[in-house]
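Colleague: Would you be able to build a 3D model of this:
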Amino acid sequence: MSKSIKHLLLALAILLALYAGASVLATLSQLANAADRIYSGAGQYLFWALTALFAGLAATPCLLYLRLPKPLIPPADRSEPAFSIYQADLLVALRRNPLLAGSPLNTPDDLPAALSLLNAKADEEALQAASATFVSTALMQNGRLDGLLVLLNQLRLVYRLMAVYHVRPSPRQALYVYGNVGAAILIASSIEDIDFSELATPMISAAAPGLAANLPGLGGISRLLTNSLANGAANAFLTLRVAMLTKQYCAALVQPELEATRRSASVAALALLGVVTRDCGVRVAKSVFKATGAVFTDAASATGQGVKDATQSVLGATAQMGSKVGRALVSSADSAKLLGLKAVRLGRKAEPGVQVALELGDEGKDS
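Modeller: Below is the predicted model:
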């Protein structure tokens, strides 16, 4: 690699580190402003306290890195005479590794088995860190906080992988790894702006065209779940890729080429991403459906109670109206009965006069 390319990569790594630091400071400023709203004057103390905390967290990996054994620089090719010397030095370094206690490390032929054991342990560490990143960023979905979570998880992961191999990469390799960490922070901070549901909606509609129409609210749940799983998977992939880069640098028997290392790290990260997505995707989906199910249950309970209250009100009003109509009918019947009785009495009083009128009428006809 030419010096100009090295200087360019170094400048890009420094730029990414500065941008990542600026993102952290912006997040701390937001937290300080929120503290000022709660209690006036508390924001300044909180800002400097958190700044000191994150500065210590950022310096801790550097101190821990320097405490690890010095890096062993592998030769460029196995055919070089320095390769046998490197194997002997690597055997001495691996004998001091507590994870390989009891493993035979006497000849160069023992190196592949020992490195395979360490690689399996490194994969376990990578899967644990990626799973934590997947779940936390999928459920959080906050760009600034996602960036902080990814930063802390990846810094911790890089150190744990170095501790697994009980060796530290060369400064140039470490700078490249931490440059990838900074790039992961930038992606994690801005990935929330991507609406993955817009990409998945045509596939869901093609697979089940009438499902969203028949189930109200399913469209919102599917968008939430799609964005959550996509955010978590993207951040988990970035974490796994950083882990694979660190693993290849720590377990290299020959000087790794940058382009080949980048490609193989991406392929290995994709292979492990399927395991993380399968295991953690179910947990995230259950959490989303549990939360939405509680909302739907509360809404259904409130709707059912409203229908019950409305039904009781209608039944009560109907009963009251029926009672009034009944009373009106009874009152009308009583009034009709009284009128009938009065008519009968009046008829009885009028019977003699009517009889006289009839007799006079008959006499008039005879004459």
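Colleague: residue contacts, residue 152?
Modeller: residue 57 (Cβ atoms under 8 Å, 6 or more residues apart in numbering). The way it works is simple: take the backbone N, C-alpha and C, and place the C-beta from them, glycine included.
Colleague: quick one: which helix or strand includes it?
Modeller: According to DSSP states H and E, residue 152 maps onto helix 143-165.
Colleague: so what's the closest residue to residue 145 other than its chain neighbours up against?
Modeller: Counting by Cβ to Cβ, 6 or more residues apart in numbering, residue 145 lies nearest to residue 27, which is 7.3 Å off, once chain neighbours are set aside. By Cβ under 8 Å, 6+ apart, the residues touching residue 27 are 144, 145, 147, 148.
Colleague: how about residue 27, secondary structure?
Modeller: helix (DSSP: H, G, I helix; E, B strand; the rest coil).
Colleague: measure it to residue 256 for me?
Modeller: In this structure, residue 27 and residue 256 are 34 Å apart, going by Cβ to Cβ, to the nearest Å.
Colleague: thinking again about what came up before, if we take the contacts of residue 27, which one ends up nearest to residue 265?
Modeller: Closest approach to residue 265 among the contacts of residue 27 (Cβ to Cβ): residue 147, at 21.2 Å.
Colleague: Please tell me I have it right and that closest one contacts residue 22.
Modeller: No: here residue 147 does not reach residue 22: they are 11.1 Å apart, not a contact under Cβ atoms under 8 Å.
Colleague: quick check: angle from the helix or strand hosting residue 122 to helix 143-165?
Modeller: Assigned by DSSP H and E, residue 122 falls within helix 111-140. Using axes from the mean of the first three to the mean of the last three Cα atoms, to 10 degrees, one finds that helix 111-140 and helix 143-165 are set 160 degrees apart in direction.
Colleague: Now do helix 111-140: which elements does it pack against?
Modeller: Helices and strands touching helix 111-140, by 3 or more Cβ pairs under 8 Å, 6 or more residues apart in numbering; DSSP states H and E, are helix 82-95, helix 143-165, helix 218-250, helix 258-366.
Colleague: which one is residue 96 nearest to, not counting chain neighbours?
Modeller: Residue 96 sits nearest to residue 166 (Cβ to Cβ, 6+ apart), 6.3 Å away.
Colleague: show me the contacts for the one you found.
Modeller: Taking Cβ under 8 Å, 6+ apart as the contact definition, residue 166 lies against 68, 69, 93, 94, 96, 97, 98, 99.
Colleague: how about the residues you listed in TSV, adding neighbour count?
Modeller: Formatted as TSV, the contacts of residue 166 follow (neighbours: other Cβ atoms under 10 Å):
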residue	neighbour count
68	16
69	14
93	17
94	21
96	12
97	19
98	7
99	14
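Colleague: nearest to residue 108, of the residues you listed?
Modeller: Nearest to residue 108, judged by Cβ to Cβ, of the contacts of residue 166 is residue 94 at 11.2 Å.
Colleague: ok, the closest one touching residue 105?
Modeller: Yes: at 5.4 Å, residue 94 counts as touching residue 105 under the criterion of Cβ under 8 Å.
Colleague: where do the contact lists of those two overlap?
Modeller: Common neighbours of residue 94 and residue 105 (Cβ under 8 Å, 6+ apart) are 111, 114.
Colleague: Distance of residue 134 relative to residue 153?
Modeller: 10 Å.
Colleague: Between these two, which has more neighbouring residues?
Modeller: More crowded of residue 134 and residue 153, by other Cβ atoms under 10 Å: residue 134, with 29 against 25.
Colleague: How about the contacts made by the more buried one?
Modeller: 232, 233, 235, 236, 276, 277, 280, 281, 284.
Colleague: what residues are up against the fifth one?
Modeller: The contact partners of residue 276, taken as Cβ under 8 Å, 6+ apart, are 127, 130, 131, 134, 233, 236, 240.
Colleague: Mind doing that once more with 10 Å?
Modeller: Residues near residue 276 by Cβ atoms under 10 Å, 6 or more residues apart in numbering: 126-135, 232-233, 236-237, 239-240, 269.
Colleague: Quick check: it vs residue 136, distance?
Modeller: 13 Å.
Colleague: joint contacts of those two?
Modeller: residue 232.
Colleague: Among the contacts of residue 134, give me the pair with the biggest separation.
Modeller: Greatest spatial distance in these: 235 and 281, 13.3 Å, computed using Cβ to Cβ.
Colleague: Common neighbours of those two, please.
Modeller: Listed as contacting both residue 235 and residue 281 by Cβ under 10 Å, 6+ apart are 134, 138.
Colleague: Skip the chain neighbours and tell me the closest residue to residue 252.
Modeller: residue 74 (5.3 Å).
Colleague: My guess is the one you found contacts residue 93. True?
Modeller: No: at 11.9 Å, residue 74 does not count as touching residue 93 under the criterion of Cβ atoms under 10 Å.
Colleague: picking that back up, just want to know which of residue 235 and residue 281 has more residues nearby.
Modeller: Shown here are residue 235 and residue 281; by other Cβ under 10 Å, residue 235 has more neighbours (27 against 18).
Colleague: residue contacts, that one?
Modeller: Applying Cβ under 10 Å, 6+ apart, the residues near residue 235 are 130, 133-134, 136-138, 140, 146-147, 149-150, 153-154, 184, 187-188, 191.
Colleague: per-residue confidence for it?
Modeller: What the model reports as pLDDT for residue 235 is 86.
Colleague: and it, how far is that from residue 138?
Modeller: 8 Å.
Colleague: One more: residue 272?
Modeller: To residue 138, residue 272 is 17 Å away according to Cβ to Cβ.
Colleague: So for stretch 17-35, what gets flagged as buried?
Modeller: Buried residues in stretch 17-35, counted by 16 or more other Cβ atoms under 10 Å: 17, 20, 23, 24, 27, 28, 32, 35.
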